[in-house]
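A.B. asks: Model the following, please.
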Amino acid sequence: MGDSGQPEERRSREVDARDAKGVQFGDNNIQYNSFGPVVRSAYLAEVRRVAPAELLDREAELARLAAFATGDGPDPYLRWDAHSESGMTALLSWFVLHPPPGVRVVSYLVPAGRTDRKNRDAFVDVVLEQLVELTDGSMPGHLTVATRQAHLLGGYAEAAEACARRGERLVLVVDGLDDRRNVSGVVRLLPDRLVGGMRVVLGTSVGWRPPTDLPPHHPLREQKRSIYLSPYLSPAERLEREAEQAEWDREHGRREAERQRAAEARRAAQRQVDEWQAAEAARISTAARAAAVRRALVFVAGWTGALVVVAWLAWAWYAPQVAGILTAQIVAGGVGAALGLAPAAFRLGAAYAPASRTPASWFPSPLATVVRGGAALVFVWLAGAVAADYVDAHQDRLLERSVGRAGALPSFAEAVAFVFLVLVALGCVVAGLYVGAAAAAPWRERHQAGLRAYQAATMAVAAATERSAYADMSADVMSPKSAVRAQVYQDFLARLSGEPRRRPPR
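C.D. replies: Next up, the predicted model:
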């Protein structure tokens, strides 16, 4: 107070109390204390209800979570995919209760059986309370349905910056993102602009996809990869699974080796079939058949000429007429041989291919050479003898007729000799037909053997294909995937009913 006893005029001063937990102010002997309500989240009690008493055999997963939470990777989101009984909730709840040093965790576990609206409202209430606790502030006043989302999104940045000032990092953990739990509203509330090194860990089901109406630059739109969480197995179950896997690997290796052998056999048989088909197309071509007939006629003409030369060498000194008669009979036999060999050669086509200037078409073996050669010599001698008798009888009749002792009709001896000549000529024709057919027989048999091999190869290809299909089916029967085994059962029923397979063989 001044000398006059009146209070002195004082200038008011502004005080920044935005980060203060309370305000104390007053004048003279009057003091006012104002403290905001302290926020303390109790959500960890809910987490402890679902967390396991001990987390077994998840050291690698916990190490990966800790590395992500404390690291400086470019991706702020980490997704874990798992099936319903793989232990995702146990892993994430344990991580929430036991975070790495320097990490502050804000968590929310999506329960089942709620609507999307209820999940969204519960997420805002639970997460916003935890964020406010990290800022040591108080809950915003006058929260409404229209302002709740804005306060939540702002709370992400405030809490992350508050943790960064203390040398800590904020990690948001959300578990239970499943298409069956109505979580679209929750996903839309996840932060899209992360500050202060904030990280987000999501526990999702296998095949889960985020909503399509996320903000344009939301990290979940760009994230394509996720980590699969394998199911937890006890030591006994692991040993049993390893034994089953080892047995399956051995059986799979054995089936794979059988499949490879069957495939190689099928390829070899298919090559044989293709070669036969190509050879068969070449065999029955017009050019091949014409060449085969030409070879047959050349061989017939060659052997006929050889026998004619032998006949002239054997009988020309006695009587040229005998050699001429033998030549006519040999030519008749050559015609018969041509009639027996040329059609067969035409049917065989390229399959009839004796080497030039060799007796292969007539004498397939040394025994046949001796037998047929001897038969040819005997024929030349006997036919020559018959022809000589006919010539002698004919000349005798002409001599007797010249002296008037015989008429114009042939004598009995001449008629008998002529009949024998005709019979020998017919025999030459028959012998020629037989020899021609016999000459074509080895080549026909060789072609039949090739045809049988082709048919066997065709059956082998069909059998190998069938075995390969059943091998694939038996391999899938042992598959650990139930969907594969069910498909195999449907294929088996379709095969029994005669229907086509519902999927092509591999």
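A.B. asks: Does Y77 touch H218 like I think?
C.D. replies: No. Y77 is beyond contact range of H218, at 9.3 Å (criterion: CB atoms under 8 Å). The way it works is simple: take the backbone N, C-alpha and C, and place the C-beta from them, glycine included.
A.B. asks: Show me the helices in the stretch 301-450 of the chain, by range?
C.D. replies: Along the stretch 301-450 of the chain, counting by DSSP state H, counting those that start in this stretch, helices occupy 320-348, 366-402, 412-477.
A.B. asks: Can you tell me which helices and strands the first one packs against?
C.D. replies: Other helices and strands packing on helix 320-348, by 3 or more CB pairs under 8 Å, 6 or more residues apart in numbering; DSSP states H and E, are helix 286-315, helix 366-402, helix 412-477.
A.B. asks: Lowest average pLDDT across those helices?
C.D. replies: Lowest mean pLDDT of the helices and strands packed on helix 320-348: helix 366-402, a mean of 63.
A.B. asks: Neighbours of the residue nearest to P231 when sequence neighbours are not counted, how many?
C.D. replies: In space, P231 comes closest to S86 once its chain neighbours are excluded; the distance is 4.3 Å by CB to CB, 6 or more residues apart in numbering. By other CB atoms under 10 Å, 19 other residues sit near S86.
A.B. asks: what's the answer for D81, then?
C.D. replies: D81 has 18 neighbouring residues, counting by other CB under 10 Å.
A.B. asks: In its sheet, which strands sit next to the helix or strand harbouring it, and in what direction?
C.D. replies: Using DSSP states H and E, D81 maps to strand 77-82. Each strand paired with strand 77-82, and its direction, by DSSP bridges: strand 199-205 (parallel), strand 227-228 (parallel).
A.B. asks: Compare the ones you listed and give me the one nearest A53.
C.D. replies: Of all these, strand 199-205 sits nearest to A53, with 19.9 Å by CB to CB.
A.B. asks: And the contacts of the closest one?
C.D. replies: Contacting residues not belonging to strand 199-205 are listed as 65, 68-69, 76-84, 88-89, 91-92, 95, 169-180, 190-191, 194, 219, 226 [CB atoms under 8 Å, 6 or more residues apart in numbering].
A.B. asks: Narrow those residues to those in helices?
C.D. replies: 65, 68-69, 88-89, 91-92, 95, 219 (DSSP state H).
A.B. asks: Looking at those residues, which is nearest A457?
C.D. replies: M88 (56.6 Å).
A.B. asks: could you measure the closest one against A159, distance?
C.D. replies: 25 Å (CB to CB, to the nearest Å).
A.B. asks: Show residues contacting whichever strand or helix holds A45.
C.D. replies: Using DSSP H and E, A45 sits within helix 43-50. Residues from elsewhere that reach helix 43-50, judged by CB under 8 Å, 6+ apart: 89-90, 93, 96-97, 107-109, 126, 129-130.
A.B. asks: In the stretch 1-150 of the chain, mark out all the strands, start to finish.
C.D. replies: Ranges of strands within the stretch 1-150 of the chain are 22-27, 30-35, 77-82, 103-109, based on DSSP state E, counting those that start in this stretch.
A.B. asks: Compare the ones you listed and say which comes out lowest on pLDDT.
C.D. replies: strand 30-35 (a mean of 53).
A.B. asks: rewinding a little: run the chain-centre distance for the strand holding D81.
C.D. replies: Relative to its chain's centre, strand 77-82 lies at 32 Å (CA atoms, centre = their mean, to the nearest Å).
A.B. asks: Residues touching that strand, excluding its own?
C.D. replies: 65, 68, 88, 91-92, 199-208, 219-220, 223, 225-229, 231.
A.B. asks: who has more neighbours, M88 and A159?
C.D. replies: Using other CB under 10 Å as the criterion, M88 and A159 rank with A159 on top: 26 against 22.
A.B. asks: quick check, nearest of the ones in helices among the contacts of strand 199-205 to G137?
C.D. replies: A69 (23.8 Å).
A.B. asks: if I look at the closest one, how far off is Y228?
C.D. replies: 20 Å.
A.B. asks: check contacts around Q245.
C.D. replies: Here Q245 is in contact with no residue (CB under 8 Å, 6+ apart).
A.B. asks: roughly how far out does whatever helix or strand it lives in sit from the chain middle?
C.D. replies: In the assignment (DSSP H and E), Q245 maps to helix 235-283. Using CA atoms, centre = their mean, the mean C-alpha position of helix 235-283 is found 12 Å from that of the whole chain.
A.B. asks: again with stretch 305-318
C.D. replies: Stretch 305-318 has its C-alpha centroid displaced from the chain centroid by 74 Å (CA atoms, centre = their mean).
A.B. asks: Check stretch 284-301 too.
C.D. replies: The answer for stretch 284-301 is 48 Å, by CA atoms, centre = their mean.
A.B. asks: do stretch 63-81 as well
C.D. replies: On CA atoms, centre = their mean, the centre of stretch 63-81 falls 37 Å from the chain's centre.
A.B. asks: That stretch: end-to-end distance?
C.D. replies: 17 Å (CA to CA, to the nearest Å).
A.B. asks: cool, stretch 75-90 as well?
C.D. replies: 24 Å.
A.B. asks: Let me see the contact set for L214.
C.D. replies: 187-188, 192, 220-221.
A.B. asks: Looking at the residues you listed, state which has the most neighbours.
C.D. replies: V187 (22 neighbours).
A.B. asks: and the host helix or strand of that one, C-alpha only, in PDB?
C.D. replies: Per DSSP H and E: V187 is located in helix 184-188. In PDB, the C-alpha atoms belonging to helix 184-188 read as follows (Å, rounded to 0.1, in the frame of the first residue of the first chain):
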ATOM      1  CA  SER A 184     -13.700 -51.500 -40.100                       C
ATOM      2  CA  GLY A 185     -14.500 -48.500 -37.900                       C
ATOM      3  CA  VAL A 186     -11.500 -49.300 -35.700                       C
ATOM      4  CA  VAL A 187      -9.100 -49.500 -38.700                       C
ATOM      5  CA  ARG A 188     -10.300 -46.100 -39.900                       C
END
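A.B. asks: what comes into contact with that helix?
C.D. replies: 108, 110, 116-117, 119-120, 123, 174, 177, 210-211, 213-214, 220.
A.B. asks: Could you rerun that using 7 Å?
C.D. replies: 110, 116-117, 119-120, 123, 174, 177, 210-211, 214 (CB atoms under 7 Å, 6 or more residues apart in numbering).
A.B. asks: got JSON lines for those, with pLDDT and distance to T135 too?
C.D. replies: Shown next, in JSON lines, are the contacts of helix 184-188 (pLDDT from 0 to 100; distance: CB to CB, whole Å):
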{"residue": "V110", "pLDDT": "87", "distance to T135": "24"}
{"residue": "D116", "pLDDT": "81", "distance to T135": "28"}
{"residue": "R117", "pLDDT": "84", "distance to T135": "27"}
{"residue": "N119", "pLDDT": "85", "distance to T135": "25"}
{"residue": "R120", "pLDDT": "86", "distance to T135": "23"}
{"residue": "F123", "pLDDT": "90", "distance to T135": "19"}
{"residue": "V174", "pLDDT": "93", "distance to T135": "20"}
{"residue": "L177", "pLDDT": "87", "distance to T135": "26"}
{"residue": "P210", "pLDDT": "85", "distance to T135": "28"}
{"residue": "P211", "pLDDT": "85", "distance to T135": "29"}
{"residue": "L214", "pLDDT": "86", "distance to T135": "26"}
